[in-house]
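Engineer: one predicted model, sequence on top.
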Amino acid sequence: MKSVLLLLLLCSSIAWAEEPTEVYWEDLVPVGFDEQSTRSINHDGSMTQLQPNAPIVPKYDGKRVKVPGFVVPLEGTSELTTEFLLVPYFGACIHVPPPPSNQIVHVTFEKGVAIDDLYDAVWVTGVLSTEGWKGDIATVGYRLTGESVSAF
């Protein structure tokens with residue numbers, strides 16, 4: 001009986017230790033970082049990123065995390081998305097200029113993941129990296145190797 005109890009305790013503590021850390025957007029901004037106010041919107045078609053080289057928080061590098069946000073699809077099919085940007089608010093990088101680079105996460109899923117509705121916020125779970133990424137839309141401060149997407 002003691003061995004069964006010990007085994008259950010060990011298994012539950014291993015499962016609990018594997019829970020991802022919930023990371024929110026303010027956690028990805030270093031203490032004391034002065035986020036500049038957004039520029040007034042012009043209608044010349046340009047969407048220049050306000051702070052493409054914003055500093056990152058290195059303590060999350062290599063950590064399994066769970067981050068909420070909105071999806072901006074980059075690659076995939078109509079059924080599965082293999083690459084996207086995770087942003088803190090709807091419309092970022094599409095309807096308004098991209099936020100600072102430390103407020104964008106480049107996410108990849110090897111086999112793709114279904115994204116039901118781009119208007120809905122989601123949780124994205126995976127391993128975070130502080131290795132940046134640069135694309136046509138924005139410069140990004142973080143990368144995430146995706147494991148799962150769920151409703152926020």
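Structural biologist: Looks like it came in fine.

Engineer: residue 48 should be in a strand, yeah?
Structural biologist: No - read with DSSP: H, G, I helix; E, B strand; the rest coil, residue 48 is coil and lies in no strand.

Engineer: how near is it to residue 96?
Structural biologist: Residue 48 sits 11 Å away from residue 96, going by C-beta to C-beta, to the nearest Å. (C-beta placed from N, C-alpha, C; glycine too.)

Engineer: how about residue 105?
Structural biologist: Distance of residue 105 to residue 96, given as C-beta to C-beta: 18 Å.

Engineer: look at these two and report which has more neighbours.
Structural biologist: Applying other C-beta atoms under 10 Å to residue 105 and residue 96 shows that residue 105 carries more neighbours, namely 27 against 13.

Engineer: which ones are touching that one?
Structural biologist: 28, 67, 69, 85-87, 124, 128, 140-144 (C-beta atoms under 8 Å, 6 or more residues apart in numbering).

Engineer: pull out the buried residues from those residues.
Structural biologist: Buried subset of the contacts of residue 105 (neighbour count, 16 or more other C-beta atoms under 10 Å): 28, 67, 69, 85-87, 124, 128, 140-144.

Engineer: which of those residues lies closest to residue 151?
Structural biologist: Of all the buried ones among the contacts of residue 105, residue 124 has the smallest distance to residue 151: 11.4 Å, by C-beta to C-beta.
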